[in-house]
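Peer 1: have a look at this prediction, sequence included:
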Amino acid sequence: MPTTMIRPQNDVAIRRLIAERQPGHSLPASFYTSDEVFNLDLDAIFGKHWIFVASVAEIREPGDYVTIEFGKTSVIVIRDDDEEVQVLHNVCRHRGARILQPGAGSVGNLVCGYHQWTYRPDGELIYASAAEEGFDKNCYSL
């Protein structure tokens with residue numbers, strides 16, 4: 001029976017866990033509970049390939065969007081005003097709050113509920129509350 005009950009910190013520890021597994025038995029607990037194994041799965045398997053998240057029929061008109069949770073990351077798939085599909089981080093550049101809740105819908109602009117920073121559907125920042133003198137909005141798109 002495997003004696004390794006560690007929280008894997010790197011590829012070597014995970015390889016050891018795999019080598020110690022017993023065929024016909026469940027994997028060691030770390031494979032099910034470890035954040036490191038989960039993050040490795042996201043990077044090694046899901047982070048290297050295209051993943052279907054929505055069809056164009058779900059975002060037909062400008063402003064139509066779908067939000068997707070991918071591990072600890074949230075993204076917005078949205079049709080912009082030029083009818084192009086954009087994929088944006090669902091995180092306001094000001095305080096890191098989610099801009100849209102999970103699901104689908106239609107919006108004019110993307111507005112953060114925290115301080116109302118406002119972005120166009122292409123991700124361009126168009127309004128930043130309490131911006132200091134010299135603040136360059138071009139450096140804070142989604």
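Peer 2: Alright, I've got the coordinates. Fair warning: this is a prediction, and the values are worked out from it, not measured in the lab.
Peer 1: so which residue is dead centre in this structure?
Peer 2: With distances taken as CA atoms, centre = their mean, the residue of the chain nearest its centroid is T73 (2.3 Å).
Peer 1: mind listing what it touches?
Peer 2: By CB atoms under 8 Å, 6 or more residues apart in numbering, the contact list for T73 reads H89. C-beta here means a position set from N, CA and C on the backbone, and glycine is covered the same way.
Peer 1: E69 in helix, strand or coil?
Peer 2: What DSSP: H, G, I helix; E, B strand; the rest coil gives for E69 is strand.
Peer 1: before we move on, what about V87?
Peer 2: V87 is classified as strand under three-state DSSP.
Peer 1: quick one: contacts for it?
Peer 2: 75-78.
Peer 1: out of those, which sit inside strands?
Peer 2: Counting by DSSP state E, the contacts of V87 place 75-78 in strands.
Peer 1: mark which of those are buried, thanks.
Peer 2: With burial judged by 16 or more other CB atoms under 10 Å, the buried subset of the ones in strands among the contacts of V87 is 75-78.
Peer 1: can I assume L42 sits in a helix?
Peer 2: Yes - checked against three-state DSSP, L42 lies within a helix.
Peer 1: what about it, distance to A131?
Peer 2: As judged by CB to CB, to the nearest Å, L42 and A131 stand 35 Å apart.
Peer 1: and I14, by the same measure?
Peer 2: Separation of I14 from A131 (CB to CB): 45 Å.
Peer 1: that older thread, same list (the contacts of V87) but as CSV, adding distance to P102 and pLDDT.
Peer 2: Below are these laid out as CSV (distance: CB to CB, whole Å; pLDDT from 0 to 100):
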residue, distance to P102, pLDDT
V75, 11, 94
I76, 11, 97
V77, 12, 97
I78, 14, 97
